[in-house]
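Asks: return atomic coordinates for the entry below.
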Amino acid sequence: MAFQPVDLINYARKEHFEHFMELNLTYSATVSIEITDLRAALKRKGLKAYPAQIWMLTSAANLVPEFRMSLDDDGRLGHWDSLSPMYTVFCEAKKSFSSIWTEYRPDFESFYRACLNDIRKYNTGAFLPQANIPDNMLNVSSIPWVDFTAFNLNLPTKYLLPILTIGKYVERDGKTFMPLSIQVHHAVCDGYHLGLFLEQVNQLAANVDSWLIVR
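Replies: Residues are numbered from 1 along each chain as shown. Here you go, the predicted structure:
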């Protein structure tokens with residue numbers, strides 16, 4: 001992973017960044033992602049849904065520079081060259097969850113196998129069972145028991161990376177929809193950038209045969 005600082009003097013959103021950082025303004029949006037084809041393909045191939053959801057969301061986030069913006073340890077604004085997902089997994093025995101991370105791989109099959117291995121190894125119910133957590137983390141969580149239409153988190157004011165929350169599937173007019181909540185910091189992410197991210201998510205969900213390949 002690499003962090004590229006932004007030249008703040010020449011940064012096109014300098015005024016926006018400084019204004020919204022001073023206000024500590026975050027916002028959230030909850031949308032429905034149609035996953036009819038994705039769900040059918042997962043069932044047909046005998047694959048687990050959660051790793052596919054995680055890969056799809058992380059891949060979309062990596063295509064939008066504003067979704068990869070953060071502050072480094074010196075407080076400098078910049079972009080990560082790539083994000084890897086940190087995601088929650090439920091521990092049935094302890095009725096609690098662990099936050100696990102898997103290094104992102106553009107190849108779905110490679111990521112899928114690594115993700116399943118990490119879940120098997122680290123789903124202990126401990127909050128952070130892995131050591132040496134990188135800074136370039138995209139936070140993903142799932143609440144598969146609730147089909148919410150709105151969801152909001154109270155974030156640390158200088159946390160700029162997005163947080164994504166998946167809800168319970170909803171069936172409507174013969175189609176399957178996945179609730180997705182996106183929490184972002186307005187200092188680095190406007191509605192336009194949110195729209196770019198959702199466009200990528202929808203494209204991946206609608207073109208599953210191009211990436212959902214496990215031999």
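Asks: residue boundaries of the strands in this protein?
Replies: Shown for the chain, the strands assigned by DSSP state E span residues 3-5, 26-34, 69-71, 77-80, 84-91, 96-101, 137-143, 163-167, 170-172, 175-185.
Asks: okay, those strands, which one's buried deepest?
Replies: strand 163-167 (a mean of 23; mean count of other CB atoms under 10 Å). (Glycine included, C-beta is placed from N, CA and C.)
Asks: so what touches that one?
Replies: The contact list for strand 163-167 (CB atoms under 8 Å, 6 or more residues apart in numbering) reads 53, 57, 61, 138-144, 146-148, 151, 153, 155, 178-183.
Asks: of the strands of the chain, give the one that comes closest to Glu18.
Replies: For the strands of the chain, distance to Glu18 was read as CB to CB. The smallest value, 10.2 Å, belongs to strand 77-80.
Asks: that closest one - what's its average pLDDT?
Replies: Strand 77-80 shows a mean pLDDT of 98.
Asks: what of stretch 138-155?
Replies: 92.
Asks: just the CA trace of it, in CSV.
Replies: Output of stretch 138-155 as CSV, limited to C-alpha atoms (Å, rounded to 0.1, in the frame of the first residue of the first chain):
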residue,chain,number,x,y,z
LEU,A,138,-12.4,0.2,3.9
ASN,A,139,-14.9,-0.7,6.7
VAL,A,140,-17.7,-3.0,5.7
SER,A,141,-20.3,-4.6,8.0
SER,A,142,-23.4,-6.6,7.5
ILE,A,143,-26.7,-6.6,9.5
PRO,A,144,-28.4,-9.5,7.7
TRP,A,145,-31.3,-9.6,10.1
VAL,A,146,-32.6,-6.1,9.3
ASP,A,147,-33.9,-4.7,6.0
PHE,A,148,-33.3,-1.0,6.9
THR,A,149,-34.1,2.0,4.7
ALA,A,150,-31.8,4.4,6.7
PHE,A,151,-28.7,3.9,8.9
ASN,A,152,-26.4,6.3,10.5
LEU,A,153,-23.1,6.1,12.4
ASN,A,154,-21.5,8.7,14.6
LEU,A,155,-17.9,8.9,13.4
